[in-house]
Structure formats: C-alpha cells, structure tokens
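In: Curious how this folds, go ahead:
(2 chains)
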Amino acid sequence: MTTSALGAPRRSAFGRLLDRAGGGLLQALLVVIGVFWLIPTLGLFVVSIRTETENNSTGWWTALTKPAELTFSSYSNLLATGFTDSFWNTVFITVPTTLLVIGIAAMAAYAFAWMEFPGRDTLFLIVIGLLVVPVQVALIPIAKLYGTLGIFGSIAGVVIFHTAFGLPFAIFLLRNFFAGIPRSLLEAARMDGAGEWKIFSTVVFPLAKPAVASLGIFQFLWVWNDLLVALVFANPENQPMTKALQSQMRQFGTNIDILAPGAFLSLIIPLILFFAFQRYFVQGMMAGSVK
Amino acid sequence: MTDRLNGPQSSRGGQQAARESSSGPEQTPGTSPEPHDGPPPSASLPGKTGTAARPGTGSARLGPSPTLSLVFLLPAAVVLGALVIYPIVYSIFRSLFDATGDTFVGADNYASIFSDSSTLTTIRNNLIWVVVAPALVTVIGLIFAVLTERIRWATAFKLIVFMPMAVSLMASGVIFRLVYEQDPDRGVANAVITSVQDLFGSTQGYPDARPRENDKAPVALQQGAVVTRQPARPGQAVLIPLVGVKPATLSSAAAAKAPQPGPGELAGTVWVDFTQGGGGTLNQVDGTEKALAGVTVEAVQGGAVKATATTEADGTFHFANLAQGDYLVRLPQSNFQAAFNGVPWLGPTLITPAIIGAFIWVWAGFSMVLIAAGLSAIPRDALEAARIDGATEWQVFRKITVPLLSPVLLVVFVTMIINTLKVFDLVFVIAPGSVQPQANVIALEMWRVSFGGGGNQGLGSALAIFLLVLVLPFMIINIRRFRRDNQ
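Out: Numbering: from 1, shown residues only, chains lettered A, B, ... in the order given. Sure thing, here's the model as predicted:
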C-alpha cells in the first residue's frame, strides 16, 4: 500500500520524463523519415545541375560540399535539343483536356443532380462503374478508330482520349457536390423564371468553385503526368515531355545529363501547382463550409 | 492547422484516383469514417449533404423537362459511349481473333495468357504486387498518420511525404533509377548501405590484392586463395608479397616489417610489395612498403588446415606450437572477396521489390493523408474514456482507433489494389531493358504486345480484358457502396 502510494507519483514523474524523451525521439524519427522522402527528389535536382563527367565519377551528394562546381549547363543543353517543343505539347494537351472535362462533366453532373429523367439512377451507377475501367481496354479500339478518322498521332486525339477517361471521376465528384447545394436556391431561381441553363451557369456552377478547382487540379496533374496514352497516341512531333523523356531512357546512364534536367523540368509545374493550390483548396473549402 | 491540411488533402486523394482514372468513390465523403454523427470536420466536401438534398423527393417541384436533360447529358454520353463503352465491347470481340484480326481463334488468346511463360511471369509479378504493396502502403500510411498526430510541424511533414504524388511516375522512375544505381559511389541506396556497414566496422577485405604473376613470386593464386609455392617449416620466415591494392585502402596502413620467427615458430609478413615512387627490391620488405593488417592466414599440411592466424598492424603473423613438418601458408579466398559492390537493386531478383519501394514512396502520402483525416474524425472522448478506464496507449490503438478507422483503411487498401493491378509507368521506367522480362506486369505486357513491337492486337485485347476482369470486383464494390450510402 505504502509502496504503491509512494511509487505512483514517482512513476508518473518518470513517465513524464519518458514521454518527453519519447517526444524528442519521435520528432527525430520524423525528421529522418522526412529527409528520407526528400532525398530522391533532391538527388535528381543535384544530378541535373552537375556536369556529366562529375555524375559519372562521384555521387551527387559529394557536390553538396563543393557548390562551386554546380552548373545549369545541362539545362541549356537540354533546351537546345528541342525539349521546349515537348513542354508546349504537354501544355497543349493538358489545358484543353482539363477545360473540356470540367465543362462536359459539369453539365452531366447538373443533369444527374437536379434534373429528372428516366433511368437516371442506372446511368449514374454506370458512370460509377466506369471509374475503375483500365485505360488499356481502350488503347487498341481507339487506335483503330483514330486511324479511320485520321487523327491518330495528333494532339487532338490525345486530348479526346484523356477527356473520356477523365469524365467518370469528374461527373461523380461534381454530381455529389451539386447535389449538396441547398435546394431552395434552385427553387428560388426557378420561381424567378430562370431557365435550366441560366440556373446551371449563374447559380450552381459558381457555387461549385471549390469542387471545380479541385477537379481541375486532379485532371491537370493526371494528364500532365501521363505516359501511357501519349506513348500510344502521340506522334514524335506531338509528344509531351513524359514521352520525350521515355525515348531517352534507353541509354540510361550515358545520357543522365538529359534525363535529369528533363525530369526535373517536367515536375516543376505540378509541384508549383501542388503548393499553390494547397492554399486555394483550403480557402475554398473553408469558405464553402461557412456559407 | 492540421484540420486545414486534412480538409483539402482528403479530397486531393481523389486527384490520384483521377490519375488512374479509377477508384473515385473511395475518396468521397460518403465513405469517410464518421463513426459518430458529430459534425464532420470538412462539412463542405461534396456529397456530404448529398443524401439529404437528394433531388426528386419533393412533390411540388418545378422541374425541367426530360428532353432538356438530354441536352445536358449528350456531350458526356457521346464521349463516354464512343471512347470507353464501345472500346470495351470491341476489345472483347477483338480478343477472339488472331494477331492480324482475320481469323477467329476463340479463346486461344486467353489460353496463351495462361500457358506462355512470359505472361505467366507477368501474372506472378502482379500477384506479388497485390499481396505486398497495398498492405505496406496502408500500414506505412497508418504509422505516419498516427506519429504525426501530435506533432506541431506535422503539416510540413505531410507536405513532404505527399509531394511525390504531384510528380509524374515517369519522373519518379528517373529518380529511382538514380537511387538504385548499383555503384555505391553513384546510387544513394547503396551508398547508405555501405556507410552503415563501414560504421559497424566490418573487417575490410582486399578485393583486388593478388600475387605478382611471375615465377619469381614466392606465392601464387590457387582457386582464389594465395598459397606459398615452397613449403616452410617452423623456424622459417615466409614472405607473402601482394600487389594491386588501391592506394586509398592503404592510406592508414602501417609500414610492413620483415618477419622474425622465434625458435620453433613459423612467421611471415603479408604486405604490398610496391614502393611508391619506385625503387625497392621485389619480394623483399622494404622500409616504406605498406602492411596488410587483418588478413587471415592458414598453415596447411596435406590439404588440412593445422593452424590459423591473423596479420597484425605491421603485416606479420606467427604460428607458434606447430608440429614439425612442412607447411604451405595460405591466405584463404575470404580475404579477397569483394567487400561490397552494392546491392543489385535493378538486377533480375530484386527488381520487383525495388519498384515496389518506389511505389511506396509515391503512394504513402495518399494513404497517410486519408488516414489522418479519418483519425481527426474519431471522437476524442471515446479515446479519453478508454484511457481513464486504464487502457494502455497500445490497447486504445488496437481496440478503438483501428476499428474506428477500418472503413478508411479499407478504402486506402482497395484503392492501392486497383493501382497495383494497373501499375505500368514505374515498371516500364525503372526496370532496365535487360530486366524488363523479369519485372513485367500485365498492364505493361498489354502495351508491349500490342504497340511496343509485339504486333499482336488479339493477345493485347485479351490481356486488356483480363485486366478489366481483375478490376471488376472493385467496380462492383464501388457500385454497392454507393447504393448503400444513398439509400
């Protein structure tokens, strides 16, 4: 009895000490994991700003002690090889796809959420089913179809393909968001004699900005980062960065001075968007929840 | 702050689903864990109120005509019909024909999937992927989510771990090709392993050391070991000159000393018979020549090892108490085995685990963020009550946290299964050309067979349909879950 009475506070003091030590240990562990997660990307960047000979002789981490040897020459070399063309191809594929997906999906989502027509629920379940359909299923048939239409290899073909496979998720996401908009808002607009198109474009779509923004960035990143669709459907002159890099992969090790800056250039815009929209998203969500 | 991060990222999870054009419904709030009916932390997420405000339940509603809805649906219906649904039908049809598409072959293409050894390898690899990767990603995400729960700078940590998801799998592949380079001087993975090994001071081998290749050298190579040409007897000195050791290895080595055998003792010296800057006598210990310390030396008689010694800092070794007789002195092969040349991550045996490592690097953030959002939705008082009742932290975690999290854990797990079934880019980019057959997966094989030089669109269609069949259960799960949540 006495021992436990004496022991209890002492143990809890000890426990507190343990907690504090454990907290320190935990923080240290997380720092290590964080560094571990950063190192691969950091390595790519450092490799991209070293000369080829240095990369072939020593590890990139040795460069951290002698920053004077770093150079951006591989970037200028890369740009001289016409990599800029593939950068613009990526942009010309990604931006129209994103806009198309948002536009087409928003209309369909509006119909699914706020209009009545026979078979609506079944159709929506089909959309949900299409969510997991692998892209592979469509490669051969669409290649044939594009061949007939004469758009195989063109940017338009890549855009249309991406749009199709982006739609199920987009419709699903927007339909759920639209359905959450208070019904009274729509009823009021209908009472005022607004047509469906007007309600859609002036009431529902503006309210859905946060959802549209997040959908937009999902879609943008998905298309920007795609390799497979471009591999099949884009001609060399229409190829995006991912495919251009892939074609350099074969001689990996001998041309790391092209691959590393190329890979880094291709990920810089997604990263900027990622960090920028991080905040935008939060604000949109917060504002939405207050309303 | 944490809540702010949780909000957007839980929906950002969906972005990754979008990247795979798959698995969307998992990210929807309908499946986010709300064990109790408290106000959700992100009430504005789409669909949260979807069931409540479901249209069409009111009686006196001013609705538009069904014809108008057709206009709204038409663009999506045309695109989805022509580019997703029609291809599924066409692929099934095409998979029943041969490579050229002229001859009907029935199920032959499917039969060859299960009989051809290369496609069987892809199936085996996909199986490894499905068994290993989703579980690892889920567990690691759970660990990260729990660890960061009470850390002030959790947001920074989450951003770092989540960041790879914005990076294309192509770029991730390049990144990991660099990480996995075999040479420890270039690949960071092997560099870390080497430095950890050095830290624990494993005795250094002399991989390149060898005797001079001429008849005058007193020692010669025999099956990887260095053996004296002439037998020696106790009381004699043995010289074992070697060459070919890198100067860097020797920078801290002491100067070698000539052997001075005591009475009845067989002694010798192992050293690098090379005087820097020239000079020195061949096969003699000259003043500045470096000793090889820590080398294992054996005294061999009639093929049997009679005694073992290790060289000291000055390269000398001694066999005391040897019985009289002739002995050969041998430096066993273990002295010369390459210390560490780097793990062959990109070799045929390790390639799939290595690529799974890259996959975890990409997806752990997705898992962590979804699970963290689930964690923050668990009511604090349930945990507190258990703690007050005397439950240990581990019990609280096992008996309360994990069960309450199980819906979100399942969502992450299922999403990862779908992703592993479809894995393509990482394998394509990370596996070097020569190792691609060993690393191959179904999605990659489908592309290879039909576009990447294979030229067999019949088999390619069959593989695509096979892949579709594999994801079919998850399609059904999604539909069921949606119907249940919206009843």
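
In: Wait, a strand at residue B:269?
Out: Yes. Secondary structure of residue B:269 (DSSP: H, G, I helix; E, B strand; the rest coil): part of a strand.

In: Do I have it right that it meets residue B:316?
Out: Yes. Taking Cβ atoms under 8 Å as the definition, residue B:269 is a contact partner of residue B:316 at 5.1 Å. C-betas here are computed from N, CA, C, even on glycine.

In: list the helices and strands the helix or strand containing residue B:240 packs on?
Out: Taking DSSP states H and E as the definition, residue B:240 sits inside strand B:237-242. With contacts defined as 3 or more Cβ pairs under 8 Å, 6 or more residues apart in numbering or on different chains; DSSP states H and E, the packing partners of strand B:237-242 are strand B:219-222, strand B:225-228, strand B:266-272, strand B:328-331.

In: Quick check, residue A:258 in contact with residue A:248.
Out: Yes. Assessed by Cβ under 8 Å, residue A:258 is found in contact with residue A:248 at 5.4 Å.

In: Next, the angle from the strand holding residue B:240 to strand B:266-272.
Out: Calculated by axes from the mean of the first three to the mean of the last three Cα atoms, to 10 degrees, strand B:237-242 forms an angle of 20 degrees with strand B:266-272.

In: partners of strand B:237-242, with directions?
Out: Note on strand B:237-242: by DSSP bridges, its sheet partners are strand B:266-272 (parallel).

In: The residue nearest the centre of chain A: what secondary structure?
Out: The residue lying closest to the centre of chain A (Cα atoms, centre = their mean) is residue A:221, at 2.9 Å. Three-state assignment for residue A:221 (three-state DSSP): helix.

In: now it, nearest residue through space, not along the chain?
Out: residue A:270 (5.5 Å; Cβ to Cβ, 6 or more residues apart in numbering or on different chains).

In: Next up, identify which helix or strand residue B:391 is on.
Out: Short version, using DSSP H and E: residue B:391 is in no helix or strand.

In: May I have the residues that are in contact with it?
Out: Going by Cβ atoms under 8 Å, 6 or more residues apart in numbering or on different chains, residue B:391 touches residue B:399.

In: Over to it: give its phi and psi.
Out: The phi and psi values for residue B:391, taken as degrees, to the nearest 10, are phi -70, psi 140.

In: From residue B:145, how far off is it?
Out: 20 Å (Cβ to Cβ, to the nearest Å).

In: where along the stretch 251-400 of chain B do the helices fall?
Out: Under the criterion DSSP state H, counting those that start in this stretch, the stretch 251-400 of chain B contains helices at B:351-376, B:380-388, B:393-396.

In: deepest of those helices, which one?
Out: helix B:351-376 (a mean of 24; mean count of other Cβ atoms under 10 Å in any protein chain shown).

In: So for it, mean pLDDT?
Out: Mean per-residue pLDDT for helix B:351-376: 90.

In: how about it, does it reach chain A?
Out: Yes. Contact of helix B:351-376 with chain A (Cβ under 8 Å from any Cβ of the partner chain) involves B:361, B:364.

In: now that helix, how far from the centre of its chain.
Out: How far helix B:351-376 lies from its chain's middle: 12 Å, per Cα atoms, centre = their mean, to the nearest Å.

In: With stretch B:412-420 instead?
Out: The answer for stretch B:412-420 is 17 Å, by Cα atoms, centre = their mean.

In: Measure how buried the residue nearest to residue A:221 is and give me the count.
Out: Other residues lying near residue A:270 total 21 when counted by other Cβ atoms under 10 Å in any protein chain shown.

In: so where's the stretch 151-291 of chain A uncertain?
Out: The model of the stretch 151-291 of chain A has pLDDT under 70 over residues A:251-254, A:279-291.

In: For my notes, confirm the residue nearest to residue A:221 occurs in a helix.
Out: Yes. Applying three-state DSSP, one finds residue A:270 inside a helix.

In: what residues are up against it?
Out: Residue A:270 neighbours (Cβ under 8 Å, 6+ apart): A:221, A:224-225, B:166-168.

In: Determine the number of other residues adjacent to the closest residue to residue B:356 other than its chain neighbours.
Out: If the residues on either side of it in the chain are set aside, residue B:356 comes closest to residue B:133, at 5.1 Å by Cβ to Cβ, 6+ apart. Applying other Cβ under 10 Å, we find 23 residues neighbouring residue B:133.

In: you'd agree residue B:133 is up against residue B:415?
Out: No. Assessed by Cβ under 8 Å, residue B:133 is found out of contact with residue B:415, at 11.5 Å.

In: so what's the closest residue to chain A within the stretch 251-400 of chain B closest to, chain neighbours aside?
Out: Using Cβ to the nearest Cβ, the closest approach of the stretch 251-400 of chain B to chain A is made by residue B:361 at 6.6 Å. Leaving aside its sequence neighbours, residue B:361 sits nearest to residue B:164 (Cβ to Cβ, 6+ apart; 5.7 Å).

In: one step back: got any residues that touch both of residue B:269 and residue B:316?
Out: With Cβ under 8 Å, 6+ apart, residue B:269 and residue B:316 have common neighbours B:256-257, B:259, B:291.

In: For residue B:463, see how far away the closest residue to chain A within the stretch 151-300 of chain B is.
Out: Using Cβ to the nearest Cβ, the single residue of the stretch 151-300 of chain B nearest to chain A is residue B:168, 3.3 Å away. Going from residue B:168 to residue B:463 by Cβ to Cβ gives 24 Å.

In: Same check on residue B:431?
Out: Taking Cβ to Cβ, one finds residue B:431 at 18 Å from residue B:463.

In: Ok, residue A:153 next?
Out: For residue A:153 relative to residue B:463 (Cβ to Cβ), the value is 23 Å.

In: higher neighbour count, those two?
Out: The neighbour count for residue A:153 versus residue B:463, taken as other Cβ under 10 Å, is higher for residue B:463 (29 against 19).

In: Got phi/psi on that one?
Out: Per degrees, to the nearest 10, the backbone of residue B:463 is at phi -60, psi -40.

In: Next, work out how far apart it and chain A are.
Out: Going from residue B:463 to chain A by Cβ to the nearest Cβ, to the nearest Å gives 7 Å.

In: Next, count neighbours for the closest residue to that residue other than its chain neighbours.
Out: The shortest distance from residue B:463 to any non-neighbouring residue, by Cβ to Cβ, 6+ apart, is to residue B:446 (4.0 Å). Applying other Cβ under 10 Å, we find 31 residues neighbouring residue B:446.
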